[in-house]
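Engineer: Sequence isn't available, so here's the structure alone:
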Ligand code: HPA
Ligand code: ZN
């Protein structure tokens with residue numbers, strides 16, 4: 001099982017590039033950019049990772065980003081993640097980035113997106129990791145700021161596949177961003193939003209995602225199982241969910257293996273993802289391995305979760321079939 005999971009060609013649809021910033025890289029960037037850190041070693045950084053809910057994670061996540069300043073920094077951030085992805089046999093990824101977390105520190109939008117885009121090209125050419133980028137708005141900032149950033153992003157539209165919504169969910173409902181998401185849709189961008197585990201008003205947020213925003217996917221979304229009518233609507237729409245088992249453990253003390261199995265039983269297109277792997281100390285293969293162990297998942301369940309990721313990816317049908325072919329051949333060889 002372990003070797004099978006490690007070797008399986010995978011897709012990842014929920015990973016924040018800023019959440020792949022490793023402590024060693026924080027140190028290297030701080031030194032290059034002349035920034036003094038309050039930690040003496042990368043291990044001290046890890047030791048300070050004390051998350052128990054979304055806000056306690058976000059405080060540490062935003063503070064560390066201060067070392068990212070130049071286009072080369074963003075290139076390295078993304079390229080290091082793509083190297084990890086290649087080691088996990090990820091062949092396709094739709095990573096998130098948070099431009100407002102950088103423009104608010106005086107870093108130009110162009111610096112961020114050009115560095116990331118250059119890394120995407122290099123990773124496809126040299127590592128065989130294909131990717132399409134999702135721009136996330138920070139929901140604890142204003143709708144006006146989100147709109148300003150959408151305007152900034154439109155000249156770079158060909159570098160983006162979709163728009164997402166992340167950061168602190170409390171009292172920041174999807175409806176706050178209805179206008180900006182409608183405009184993004186008019187420009188042909190796909191739409192997704194975080195519905196993090198066990199947040200305040202989570203069921204209302206999920207309904208707003210479905211009925212007011214008309215999202216193409218939901219990130220996390222585990223709480224869809226709490227209400228029958230919500231569950232049925234997710235099933236009826238064939239809505240994809242990007243679930244993050246190790247990330248969930250920081251909030252609900254479980255990898256939610258029971259919930260994810262229930263989703264599979266219901267035919268919900270659940271997928272497995274790493275969210276912020278440098279912080280949660282688990283990349284995609286680790287998420288699969290730990291989930292399989294906790295839930296005693298079968299090979300078929302593991303493959304189905306991974307197949308769902310290719311299925312709900314924002315790829316052309318031809319590209320989906322091409323990548324699913326890699327998975328099918330792998331499964332056929334292994335059995
Ligand atoms: N939820 C909300 N905001 C985030 C996350 C998340 O999982 N990761 C990075 N920013
Ligand atoms: Zn996330």
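Structural biologist: Right, received. Where do you want to start? These numbers were taken from a predicted model, which means no experiment stands behind them. Residues are numbered from 1 along each chain as shown. Ligands and ions are numbered 1, 2, ... in the order given.
Engineer: Next up, phi/psi of the nearest residue to residue 200 once chain neighbours are set aside, please.
Structural biologist: Distances taken as C-beta to C-beta, 6 or more residues apart in numbering put residue 170 closest to residue 200, at 5.1 Å, once the chain neighbours are dropped. For every residue, glycine as well, the C-beta is placed using N, CA and C. When read as degrees, to the nearest 10, the backbone of residue 170 gives phi -60, psi 120.
Engineer: Flag every residue of the stretch 201-335 of the chain that's near ligand 1.
Structural biologist: Residues of the stretch 201-335 of the chain lying near ligand 1 by C-beta under 6 Å from any ligand atom: 247, 275, 276.
Engineer: what about stretch 16-34, near ligand 1?
Structural biologist: Yes. Using C-beta under 6 Å from any ligand atom, stretch 16-34 reaches ligand 1 at 16, 19.
Engineer: Would you mark the buried spots in that stretch?
Structural biologist: 16-23, 25-27, 29-30 (16 or more other C-beta atoms under 10 Å).
Engineer: what do you get for stretch 148-167?
Structural biologist: 148-150, 152-153, 156, 160-167.
Engineer: From the buried residues of stretch 16-34, which land in helices?
Structural biologist: 23, 25, 26, 27, 29, 30 (DSSP state H).
Engineer: what's the closest of the residues you listed to residue 286?
Structural biologist: residue 23 (16.7 Å; C-beta to C-beta).
Engineer: Quick check, residue 149 in contact with residue 100.
Structural biologist: Yes. Judged on C-beta atoms under 8 Å, residue 149 makes contact with residue 100 at a distance of 5.9 Å.
Engineer: Overlap in contacts, these two.
Structural biologist: Residues touching both residue 149 and residue 100 (C-beta atoms under 8 Å, 6 or more residues apart in numbering): residue 137.
Engineer: how deep is residue 239 tucked in, by neighbour count?
Structural biologist: 20 (other C-beta atoms under 10 Å).
Engineer: got the contact list for the closest residue to it other than its chain neighbours?
Structural biologist: Once flanking residues are discounted, residue 239 sits nearest to residue 218: 6.2 Å by C-beta to C-beta, 6+ apart. Contact analysis of residue 218 by C-beta under 8 Å, 6+ apart lists 192, 193, 194, 195, 206, 209, 224, 234, 239, 240, 241, 242.
Engineer: quick one on the thing from earlier: now tabulate the residues of the stretch 201-335 of the chain next to ligand 1 in TSV and tack on secondary structure.
Structural biologist: Listed next are these as TSV, based on DSSP: H, G, I helix; E, B strand; the rest coil:
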residue	secondary structure
247	helix
275	strand
276	coil
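Engineer: so what's residue 14 up against?
Structural biologist: 96, 219, 220, 242, 243, 244, 271, 273, 274, 275.
Engineer: which ones are touching residue 86?
Structural biologist: 123, 127, 128, 129.
Engineer: same deal with residue 96?
Structural biologist: 14, 15, 16, 17, 134, 135, 136, 164, 166.
Engineer: let's see 6 Å
Structural biologist: With contacts defined as C-beta atoms under 6 Å, 6 or more residues apart in numbering, the neighbours of residue 96 are 16, 134, 136, 164.
Engineer: and which of those is nearest ligand 1?
Structural biologist: Using C-beta to the nearest ligand atom, residue 16 comes nearest to ligand 1 of the contacts of residue 96, at 4.2 Å.
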